[in-house]
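Undergrad: Below is the sequence, then the predicted model.
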Amino acid sequence: MRPRIEALDVDAMDWAPLGPAGLYSKMLSRDTETGARTALQRLCPADNYEPPKVAHYHHTYEEILGVAGDFSFDSRLWVKPGTYVFHPPLTVHGFKSAIREESLFLSRVGRDLDFNFVPEPLKTDLYTVEGATPPRAPTAMRDPVEDKGWTVANFLGGTAEVCVLSTDPETGEGSAFVKLPAGWTSSVSSLPTYLEMFVIEGGLAVDGGETGPRHAYFFYPPADAISALATTGETQLYVNFGASIGF
């Protein structure tokens, strides 16, 4: 299981090169046993980054949230800030990858990422290789809030607005945008599942302290103590959870 991480200042972290020219990463958390990890990644054409030229798939899921910039896996849906993409294991993608400007995105995977190339894909839309039937369907939404809207729900004991992005109908694992009003406070001390949060806008104060940095990152393992959290202004989060938390 990944370690507990609270209010990590992502913007203050240094970029580490990943190998291919122009590709950089900030590792936010990682499970050393499974390779599951969350990272902020940067694509930099000025440093000779070139998108993959061949479609491919992975044996693990790949979940992406656009943070800045403008890039694409198929030259049709462009990943901009707020764009959400979920590729279940064995989902063929990258049919016509392209990039228009330097881009940042959050990347979540369930194990160390492998690349299996498909020089002649059967389709030009997301599809899974023959025999693969993932319960959590492939998803690509340029603007999830515009597509799905907000729903009032309970989050950590306080009232919030939620836009569910994707869930597994079998396990309840999923992802959502959560919008917290000014003055929101939490009252849940732990959850039976992991909880991962990335601050998109606004900020969270921890245990009565100062509001944390923009782009703060949190990871609470199952049953781990969740600090008292609060907002002073409207705050939007990208939230990931390992089982249903009531949305």
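TA: Looks like it came in fine.

Undergrad: by contact count, what packs against the lowest-mean-pLDDT helix or strand in the chain?
TA: Ranked by mean pLDDT, DSSP states H and E, the weakest helix or strand in the chain is strand 127-128, scoring a mean of 92. Judged by 3 or more Cβ pairs under 8 Å, 6 or more residues apart in numbering; DSSP states H and E, the packing partners of strand 127-128 are strand 91-92. Every C-beta, even on glycine, is put in place using the N, C-alpha and C of the backbone.

Undergrad: Report the backbone C-alpha coordinates of the next helix or strand after the strand it packs on in CSV.
TA: Using DSSP states H and E, the helix or strand that directly follows strand 91-92 along the chain is strand 98-111. Below are the C-alpha coordinates for strand 98-111, written out as CSV (Å, rounded to 0.1, in the frame of the first residue of the first chain):
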residue,chain,number,x,y,z
ALA,A,98,-0.3,15.0,-31.1
ILE,A,99,0.6,18.0,-29.0
ARG,A,100,-0.1,21.7,-29.5
GLU,A,101,1.8,23.2,-26.6
GLU,A,102,3.6,22.2,-23.4
SER,A,103,1.2,20.2,-21.3
LEU,A,104,0.8,18.9,-17.7
PHE,A,105,-1.4,16.0,-16.7
LEU,A,106,-2.0,13.8,-13.7
SER,A,107,-1.3,10.1,-14.5
ARG,A,108,-2.6,7.2,-12.4
VAL,A,109,-1.7,3.6,-13.2
GLY,A,110,-2.4,0.3,-11.3
ARG,A,111,1.1,-1.2,-11.8
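
Undergrad: Spell out which strands sit alongside strand 98-111 in the sheet and which way each one runs.
TA: strand 35-43 (antiparallel), strand 62-72 (antiparallel) (DSSP bridges).

Undergrad: any chance of these in CSV, plus distance to R108 and mean neighbour count?
TA: Formatted as CSV, those follow (distance: least, Cβ to Cβ, whole Å; neighbours: other Cβ atoms under 10 Å):
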stretch, distance to R108, mean neighbour count
strand 35-43, 5, 20
strand 62-72, 4, 20
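
Undergrad: helix, strand or coil for the residue of the chain most remote from its centre?
TA: Centroid-distance maximum for the chain: E120 at 28.9 Å, with Cα atoms, centre = their mean. Three-state assignment for E120 (DSSP: H, G, I helix; E, B strand; the rest coil): coil.

Undergrad: list the buried ones in stretch 135-147?
TA: Of all the residues in stretch 135-147, those buried under the rule 16 or more other Cβ atoms under 10 Å are 136, 138-142, 144-145.
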